[in-house]
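Asker: what would the 3D arrangement of this be:
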Amino acid sequence: MQEQVVIYISGDLSVGDTLTLDDGRLGVVTRILEIRKCKNEDYQLWMELIVQIVGTVADYDAEEDPVTTVEMDYLNCRTTGEYFLKLGETIVGDDGITFIQTNILSLSCKQGDLFMECEDFDLPPWSQEEMEAAVKKDRLSTFDVIDGAANE
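Answerer: Numbers count the residues shown, from 1 in each chain. Okay, the predicted model is just below:
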């Protein structure tokens with residue numbers, strides 16, 4: 001399961017690093033989407049990330065084409081609000097798979113209704129092995145090596 005999160009940070013963060021979310025779940029950073037300088041005294045950076053939750057499995061088939069065509073209908077557009085997805089925008093689907101909007105193929109307005117055909121590109125989740133390696137790397141980085149000669 002992937003989630004899109006925003007964090008404030010002072011220090012380093014890389015793809016593959018683990019972080020604890022506000023609700024206590026452990027996640028692995030799989031993509032950094034945006035970085036902004038922050039005016040907060042305590043935090044230097046604002047970051048938008050895709051995080052894959054440790055211990056969850058996404059329903060993703062690597063054999064399928066990662067490019068998907070999606071049709072979206074917005075009915076009665078005059079009274080609704082904002083409707084459009086922006087190119088490059090990332091969305092986490094109900095199935096826990098994140099995709100990025102890559103192309104608007106067609107647009108049609110009929111009697112106040114808007115019909116769009118868009119192209120999305122899947123951002124595949126990391127494999128179980130990649131997730132385990134990231135967690136192991138994080139756990140090993142928190143241990144101190146103790147000289148074995150002291151126990152003799």
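
Asker: can we go C-alpha only for contacts and neighbour counts from here?
Answerer: OK.

Asker: contacts only, for the residue nearest to Lys86 when sequence neighbours are not counted.
Answerer: Nearest residue to Lys86, sequence neighbours excluded (Cα to Cα, 6 or more residues apart in numbering): Gln101, at 7.0 Å. Neighbouring residues of Gln101 by Cα atoms under 8 Å, 6 or more residues apart in numbering: Leu85, Lys86, Leu87, Gly88, Glu89, Thr90, Ile91, Cys118, Glu119, Asp120, Phe121.

Asker: quick one: contacts for the last one?
Answerer: Residues near Phe121 by Cα under 8 Å, 6+ apart: Pro66, Val67, Thr68, Phe99, Ile100, Gln101, Thr102.

Asker: look at Glu117 and give its secondary structure.
Answerer: What DSSP: H, G, I helix; E, B strand; the rest coil gives for Glu117 is strand.

Asker: look up how far Asp73 lies from it.
Answerer: 9 Å (Cα to Cα, to the nearest Å).

Asker: now the helices: where do they sit in the chain?
Answerer: 128-141 (DSSP state H).

Asker: does Phe115 really touch Ile104, like I thought?
Answerer: No: proximity of Phe115 to Ile104 does not meet the contact threshold set by Cα atoms under 8 Å, at 11.0 Å.

Asker: partner residues bridging the residue nearest to Lys86?
Answerer: Here Gln101 sits in beta bridges with Asp120, as judged by DSSP bridges.
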